[in-house]
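Peer 1: have a look; sequence and predicted model below, questions after that.
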Amino acid sequence: MDDWFEHLVRQAIGRAIVDAAQWVAAKGSQALTKYLSEVQIGKPISPKPLVVFTEKDEVAHTLRLVFRGDVKIATVEAFARVETVLDYQSVDLLHDPPIKIVDIPVALGDISYKVTVAGGIEPVAELALRFQREGGVLGAGGNLTLLPFPRLAAYGAFGDGKFVVSLDAKLPGGASIPLGPTGLAIWGAGGTFAHNFKPRLLEQDGFTVPAKPTAIHYVRWSRDTHPEDQWMPARVGETSTGIAVRAYLGTADRFIFTGVPVGIAFITPGALIIGGQGRIFKQEDFHGDFYAVIDFASGSVALSVGMSVEVKAPPAVGMKTLSGSGSDGHFLFLQRPDCMVLRYWPGGRPCKAGGPEGRSGDQSSVLTEGRGISSNQPSPHRVWCDDRHRRRV
């Protein structure tokens, strides 16, 4: 990794730790050292952006930290996932960075700049740069939008016999390809091919790797909009190949659909994904997604539908009048031929709403078993076996 970039990462991680634990850092270096030596592994010290310690080595006095989140400054947007190993006994708040970073095994992200005209659906100009350094693999790519030319996006990561390549092209307004009398049109196309790369499947907390992935994990993975964070190098002995094709669908008048990517993907050792996500309405910030996944390895099937809407007040008011989001999912588990397990789960997105003052209500999830509002946790399993015995587990 280049010295300037590594120094930048070290500074950002050091500041993120100090900011996340500022109530302790305010007491001095010794207090922060004591806090880090006793920190609870697996419990985020900041949920957004995510800052969590996942491993601890008491012999080497090191902690493994995961940082993941979005940052927006004016019209510049950035995203990063960084995993570092730090020496928790080297805290010195007078230095920059304030904590010694021993290693940076994962560093990836993107930065983008957009120009949007008033009332516009999409940016008239956009430049995005993406990067990835992980497991001996280097990746780079980006997006370029400059109306009236097509929007182009490309990403590639290579190293040690592993590679992933993704290409997309989206047509500008007025240049779509109509699909007969249906009122629909194709606004673009794209695809991805990965060899010896595998999906970065995670639990709902955003950092725990599942011991036995199921179709639910592929739904969460499909919703990730950062291509550099979707794929990770496969370990030695693992053979994984993925291929995906997608089309950007929309209505010819661009009112209801505005180039929503919809496609199909197949990933070995055996996962089939169909679905897409994107903006639905022109005047309102209304996004939706739908995914159907079959994971042959675990014998599970998942269906998920999600929506988010935000109706904005006039610019002079400067506040949101109404916002809300939520999702619903269904999970079918067929591990044994004589038993079926059905679970309703909230699809990875808690339902929430905000009022005119911009305040958000308590997060909750609506489960489809008729029990009303519940916490954001999966419902009990429903199990049916060939002896007609029905029970909860």
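Peer 2: Received, thanks.

Peer 1: how far away is the closest residue to residue 36 other than its chain neighbours from residue 79?
Peer 2: The shortest distance from residue 36 to any non-neighbouring residue, by Cβ to Cβ, 6 or more residues apart in numbering, is to residue 88 (3.8 Å). Quick note: C-beta positions are derived from backbone N, CA and C, even for glycine. Using Cβ to Cβ, to the nearest Å, residue 88 is found at 26 Å from residue 79.

Peer 1: between the two, which has more neighbouring residues?
Peer 2: Shown here are residue 88 and residue 79; by other Cβ atoms under 10 Å, residue 88 has more neighbours (24 against 21).

Peer 1: would you mind confirming that the more buried one is in contact with residue 62?
Peer 2: Yes - between residue 88 and residue 62 there is a contact at 7.0 Å, judged by Cβ atoms under 8 Å.

Peer 1: name every strand pairing with the longest strand belonging to the chain and say which way it goes.
Peer 2: If you go by DSSP state E, the chain has its longest strand at strand 100-115. Strand 100-115 sits in its sheet next to strand 76-87 (antiparallel), strand 125-134 (antiparallel), going by DSSP bridges.

Peer 1: buried ones in the shortest one, by neighbour count?
Peer 2: Of the residues in strand 125-134, those with enough neighbours to count as buried (16 or more other Cβ atoms under 10 Å) are 126, 128, 130-134.

Peer 1: would you mark the buried spots in whichever helix or strand comes after that strand?
Peer 2: Remark: after strand 125-134, the chain's next helix or strand is strand 137-146, criterion DSSP states H and E. By neighbour count on 16+ other Cβ under 10 Å, the buried set for strand 137-146 is 137, 139, 141-143, 145.

Peer 1: tell me the one of the residues you listed nearest residue 37?
Peer 2: residue 137 (33.1 Å; Cβ to Cβ).

Peer 1: for the closest one, give the beta-bridge partners.
Peer 2: residue 134.

Peer 1: quick one: it and residue 162 touch, right?
Peer 2: Yes - contact criterion Cβ under 8 Å: residue 137 and residue 162 qualify, at 5.9 Å.

Peer 1: run through the bridge partners of residue 112.
Peer 2: residue 77, residue 128.

Peer 1: how much space between it and residue 243?
Peer 2: 27 Å.

Peer 1: which one of these two has more residues nearby?
Peer 2: residue 112 (19 against 14).

Peer 1: which residues touch that one?
Peer 2: 76-78, 126-129, 143 (Cβ atoms under 8 Å, 6 or more residues apart in numbering).

Peer 1: pLDDT score for it?
Peer 2: At residue 112, the model reports a pLDDT of 87.

Peer 1: ok, residue 386 next?
Peer 2: pLDDT for residue 386: 44.

Peer 1: low-confidence regions, the stretch 51-200 of the chain specifically.
Peer 2: 73-75, 117-122, 173-174 (pLDDT under 70).

Peer 1: so where do the helices sit in the protein?
Peer 2: 3-20, 22-25, 29-37, 215-222, 227-230 (DSSP state H).

Peer 1: name the residues that touch the last one?
Peer 2: Helix 227-230 is contacted from outside by 68, 79, 81, 108-110, 130-132, 139, 141, 155, 157, 166, 192, 199-200, 221, 224, using Cβ under 8 Å, 6+ apart.

Peer 1: kindly recompute the last result at 7 Å.
Peer 2: 81, 108-110, 130-132, 139, 155, 166, 199-200, 221, 224 (Cβ atoms under 7 Å, 6 or more residues apart in numbering).

Peer 1: quick one: mean pLDDT for that helix?
Peer 2: pLDDT averaged over helix 227-230 gives 88.

Peer 1: nearest spatial neighbour of residue 102, chain-adjacent residues omitted?
Peer 2: Using Cβ to Cβ, 6+ apart, the closest residue to residue 102 is residue 85 (4.6 Å).

Peer 1: surely that neighbour meets residue 66?
Peer 2: No - using Cβ atoms under 7 Å, residue 85 is not in contact with residue 66, being 11.0 Å away.

Peer 1: and the spatially most central residue of the chain, how close does it get to residue 261?
Peer 2: Centroid-nearest residue in the chain, with Cα atoms, centre = their mean: residue 224, separated by 3.3 Å. Using Cβ to Cβ, we find residue 224 at a distance of 13 Å from residue 261.

Peer 1: give me every residue that touches residue 53.
Peer 2: Neighbours of residue 53 in contact, by Cβ under 7 Å, 6+ apart: 39, 41, 63-65.

Peer 1: again with residue 69
Peer 2: 48-50.

Peer 1: want to throw those into a markdown table with distance to residue 9, neighbour count and pLDDT?
Peer 2: Formatted as a markdown table, these follow (distance: Cβ to Cβ, whole Å; neighbours: other Cβ atoms under 10 Å; pLDDT from 0 to 100):
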| residue | distance to residue 9 | neighbour count | pLDDT |
| --- | --- | --- | --- |
| 48 | 20 | 10 | 81 |
| 49 | 14 | 17 | 84 |
| 50 | 16 | 18 | 88 |
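
Peer 1: which of these fall within strands?
Peer 2: residue 50.

Peer 1: between the contacts of residue 69, which is nearest residue 267?
Peer 2: Among the contacts of residue 69, and counting by Cβ to Cβ, the member closest to residue 267 is residue 50, at 24.9 Å.
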